[in-house]
Structure formats: structure tokens, C-alpha cells
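Asker: take this sequence and fold it.
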Amino acid sequence: MGLSLKSTCSIEELKTNKIFIEFKNFRKKFEFTDFEHLLERFPDNLGQIKKGFQLVKEKIEDNLSGLKISLFSKLLTGSGLGSSASIAVSFLSAFNKFYSLNLTRKDISNMAYEMEKVVHGTPSGIDNTTCTYGNLLYFQEKKYELLSFPKNLNVLITYTGIRHKTGIAVEKISSVQTKILTIFFFIYFPPQIFFPFYSPD
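Answerer: This next block holds a predicted model:
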């Protein structure tokens, strides 16, 4: 379900070849002499944005230079509310408008999904889809359907203050699922079925 908490990305053209990037949430600013310098020296912990630059560069013929980019999100980072996907979509949407790339929403969602891989490894795709299309939607196996809901629907979201990385959480869940399936397999299909001479003793 899309929340009315948005991420923003602003792009300003500069009379220089340099690229300035500001991450307002983290109070961090970076300066690069040109696009190649950006690719070489971009911080590893912000690899999602670096991936976004690479995806955008594939869509334009011009040099990516002379830009001042500012990113901000009202969503709490590391809270499980999809802040990374929201930032990705806002980043791509800003470049889409700035360079008149004529990207469709589907294009933006797919590119945001590629950016999400840097953060989460194997994301489900629900975050970038929700952030791109908004609204309440039904999502399963990378297919979605927009749903209607009453305007007076109240949703309570609580925040524990505990930050986490979704990618690590997904890995843990996958590990638990594998263990559960293994236990289920041996309960309902004991080894004797496959190995007649097997004896637990």
C-alpha cells in the first residue's frame, strides 16, 4: 500500500563539468570532477545510486556532467517502509523529466528494481512497484493488480526505532523456509522410503 510519505530528487544544471550530490537524510555531500570519477569513487554503501547513474547513462547520449542532485526521503530509512525503493523511483523520475527520456512507469519500475538488487540482493519487486504506481495493490510473483479501497480507511503504522537491513532479513527468512521444508520432507517422507536399508539406529 502506498503511503503519503514521499521521496524527492531535484536536479539543477551547472556551468561546470562537476557533479554534486547531496543526501539530506544522511547530511552527506559528494563532489565529483566528472561521470567517470563518480563511477570510480562513489561510496560503496550508496551503491544503489551508483547503479541508478549507470542505468540512466544507458538511456542518454549526452555526458552526465554539470549537475547538482539533491535526494531526500520522508520515509524512515531501515524501517521496512520501502525508503530505498522510494528514493530509486524519485531518482529515476527526476532524470526522466530532466533529460526528457520518455520512460514509462513500467520502465521506471523495472530500472528501480535493478537498483533495489544492490540493496536487497533478490527483492520481491513489491516496493518499487508500489512506489511507482502508488495506491493499494495486490502483488504476487512480480504481477500486480491495483485495488480500490474506501477513502476513510485508517491504517496504523508503528515504528520500533530498531533499524535493519531488508536484504539480511530476506536471507534469514529464506534460510528458515529451507529448514522448515527440510523438516517437513523428512516427517512426511522418511528416509526409509528412499533408502530401504536406512536405520536411525
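Asker: in the protein, which helix or strand is least confident?
Answerer: When each helix and strand of the chain is scored by mean pLDDT, DSSP states H and E, helix 191-194 comes last, with a mean of 49.
Asker: now do the helices in the chain.
Answerer: Counting by DSSP state H, the chain has helices at residues 35-41, 47-57, 83-98, 105-120, 126-133, 166-188, 191-194.
Asker: got the angle for the second one vs helix 105-120?
Answerer: Looking back up the chat, that one is helix 47-57. Counting by axes from the mean of the first three to the mean of the last three Cα atoms, to 10 degrees, helix 47-57 lies at 150 degrees to helix 105-120.
Asker: so which bits of helix 47-57 are buried?
Answerer: Neighbour counts over helix 47-57 (16 or more other Cβ atoms under 10 Å) mark 48-53, 55-56 as buried. Placement of C-beta: from N, CA and C, glycine included.
Asker: what do you get for the third one?
Answerer: Residues 83-96, 98 are the ones in helix 83-98 that count as buried (16+ other Cβ under 10 Å).
Asker: for these, which one is nearest K24?
Answerer: I87 (11.0 Å; Cβ to Cβ).
Asker: name the nearest residue to the closest one, ignoring sequence neighbours.
Answerer: S7 (4.9 Å; Cβ to Cβ, 6 or more residues apart in numbering).
Asker: please apply the same query to Y144.
Answerer: Nearest to Y144 is L137, by Cβ to Cβ, 6+ apart, at 4.9 Å.
Asker: would you confirm that that neighbour contacts L147?
Answerer: Yes. L137 lies in contact with L147 (Cβ atoms under 8 Å); the separation is 6.0 Å.
Asker: more neighbours: which of these two?
Answerer: L137 (15 against 10; other Cβ atoms under 10 Å).
Asker: who's that one bridged to?
Answerer: Beta-bridge pairing for L137 (DSSP bridges): L146.
Asker: tell me the contacts of it?
Answerer: When contacts are counted by Cβ atoms under 8 Å, 6 or more residues apart in numbering, L137 touches 1, 129-130, 144-147.
Asker: residues near L64, how many?
Answerer: A count of nearby residues for L64, using other Cβ under 10 Å, gives 20.
Asker: could you find the closest non-adjacent residue to it?
Answerer: Closest to L64 by Cβ to Cβ, 6+ apart is F35, at 4.4 Å.
Asker: repeat for E12
Answerer: Leaving aside its sequence neighbours, E12 sits nearest to K68 (Cβ to Cβ, 6+ apart; 4.2 Å).
Asker: separation between that neighbour and E13?
Answerer: 8 Å (Cβ to Cβ, to the nearest Å).
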